[in-house]
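Novice: When you get a sec, could you give me coordinates for this:
(chains A and B)
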Amino acid sequence: DVKVTQSSRYLVKRTGEKVFLECVQDMDHENMFWYRQDPGLGLRLIYFSYDVKMKEKGDIPEGYSVSREKKERFSLILESASTNQTSMYLCASSLWTLRRGDSYEQYFGPGTRLTVT
Amino acid sequence: GDSVTQMEGPVTLSEEAFLTINCTYTATGYPSLFWYVQYPGEGLQLLLKATKADDKGSNKGFEATYRKETTSFHLEKGSVQVSDSAVYFCALKGGGAQKLVFGQGTRLTINP
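Specialist: Purely as a prediction, here's the structure:
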C-alpha cells in the first residue's frame, strides 16, 4: 500500500520561529510536492521537486524554502514563521511523467495543520 | 494556461439523493482528469480518473465521464450516503506535465 507520511498532524509555533515540515514517501516516486490549503482558496502549490536536490517554485513560494537531500524525503521550511502562514499543509508524491499519455496520480499525506501565534 | 472550474459549494443533500458536481476544464492537448476526495481531517485521496475522451472513471458508486466536446468531467452518484460528506476536488494533468491543476473544491454535506 502506497504511503506518504508527514511528521506532525498538528503544530503550534510562534511568530519568527523557524519551522520544518517533513514528508516521507515509500513509493520510490521521483516527484514530490508541497501545497497549502485554505478555506475558499483551494490547494495552492508552494514548491515541487522532481529529483534529489532539484526544486521548482510553485504558485506561492514566498516565505518558504524546501530541501530534498534524499529521494524519499521532502522538507518544507518556514524561515521565519508569520501568522499568515497559519494553514493546512499537504505533501504529495507521484511518478515522473515520461510520456504524454502517462496519467500518474498524486498520492497525498494526511496533512499538517500549522498554527502560528 | 490550464485551468479547472468547479461547481461552487457548499452542497447539502439528503441521504439517497442523486448527486452531480460539475467540473469543466480548459487545457491544450489531451489532459488526464481526476476526482479527489478529502474526508474531514484527512489528506486527499484519488476517487477516480479518466485518461482519454469518452472514458468513464468509477469507484465507490461515483462516476465521471470525460467529455471532450463539452470539456467537462462531472461527478455523479445515484444515491448518496452520510459517509460521502467530504470535500471533492476536480483536477487535470496536461499531457507530459508533472503537476496537477486543481479546482477550488466543493464541500458536500449529506443529512440523514
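
Novice: what number of residues lie near A:Ser67?
Specialist: Residues within reach of A:Ser67, counting by other CB atoms under 10 Å in any protein chain shown, total 16. Bear in mind the C-beta positions are built from the backbone N, C-alpha and C, glycine included.

Novice: ok, which stretches of chain A are strands?
Specialist: Using DSSP state E, the strands of chain A run over A:4-6, A:10-13, A:19-25, A:31-38, A:42-51, A:54-57, A:64-70, A:73-78, A:87-94, A:107-108, A:112-116.

Novice: so can I have JSON lines of those strands showing distance to B:Thr5?
Specialist: Supplementary listing: the strands of chain A in JSON lines, determined by distance: least, CB to CB, whole Å:
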{"stretch": "strand A:4-6", "distance to B:Thr5": "28"}
{"stretch": "strand A:10-13", "distance to B:Thr5": "33"}
{"stretch": "strand A:19-25", "distance to B:Thr5": "29"}
{"stretch": "strand A:31-38", "distance to B:Thr5": "18"}
{"stretch": "strand A:42-51", "distance to B:Thr5": "11"}
{"stretch": "strand A:54-57", "distance to B:Thr5": "24"}
{"stretch": "strand A:64-70", "distance to B:Thr5": "27"}
{"stretch": "strand A:73-78", "distance to B:Thr5": "28"}
{"stretch": "strand A:87-94", "distance to B:Thr5": "21"}
{"stretch": "strand A:107-108", "distance to B:Thr5": "22"}
{"stretch": "strand A:112-116", "distance to B:Thr5": "28"}
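
Novice: Of all those, which one is nearest B:Pro10?
Specialist: strand A:42-51 (13.8 Å; CB to CB).

Novice: residues contacting the spatially most central residue of chain A?
Specialist: Closest residue to the average C-alpha location of chain A: A:Trp34 at 2.2 Å, with CA atoms, centre = their mean. A:Trp34 makes contact with A:21, A:23, A:45-48, A:58, A:64, A:66, A:74, A:76, A:89-91 under the criterion CB atoms under 8 Å, 6 or more residues apart in numbering or on different chains.

Novice: Nearest to B:Leu44, out of these: which one, please.
Specialist: The closest of the contacts of A:Trp34, once distances to B:Leu44 are taken by CB to CB, is A:Leu90, at 7.0 Å.

Novice: Quick one: name the residues of chain A near chain B.
Specialist: Residues of chain A lying close to chain B (CB under 8 Å from any CB of the partner chain) are A:4, A:31, A:33, A:40-43, A:45, A:48, A:50, A:58, A:90, A:92, A:94, A:96-97, A:99-111.

Novice: Counting neighbours, which of those residues end up buried?
Specialist: A:4, A:31, A:33, A:42-43, A:45, A:48, A:50, A:58, A:90, A:92, A:94, A:97, A:102-111 (16 or more other CB atoms under 10 Å in any protein chain shown).

Novice: Pretty sure B:Gln62 sits against B:Glu76.
Specialist: Let me fix one detail, which is that residue B:62 is Phe and not Gln. Yes - counting by CB atoms under 8 Å, B:Glu76 is a contact partner of B:Phe62 at 7.0 Å.

Novice: Number of residues surrounding B:Leu33?
Specialist: If we define neighbours as other CB under 10 Å, then B:Leu33 has 27 of them.

Novice: which residues does B:Ala86 contact?
Specialist: Counting by CB under 8 Å, 6+ apart, B:Ala86 has contacts B:Val37, B:Gln38, B:Tyr39, B:Pro40, B:Arg107, B:Leu108.
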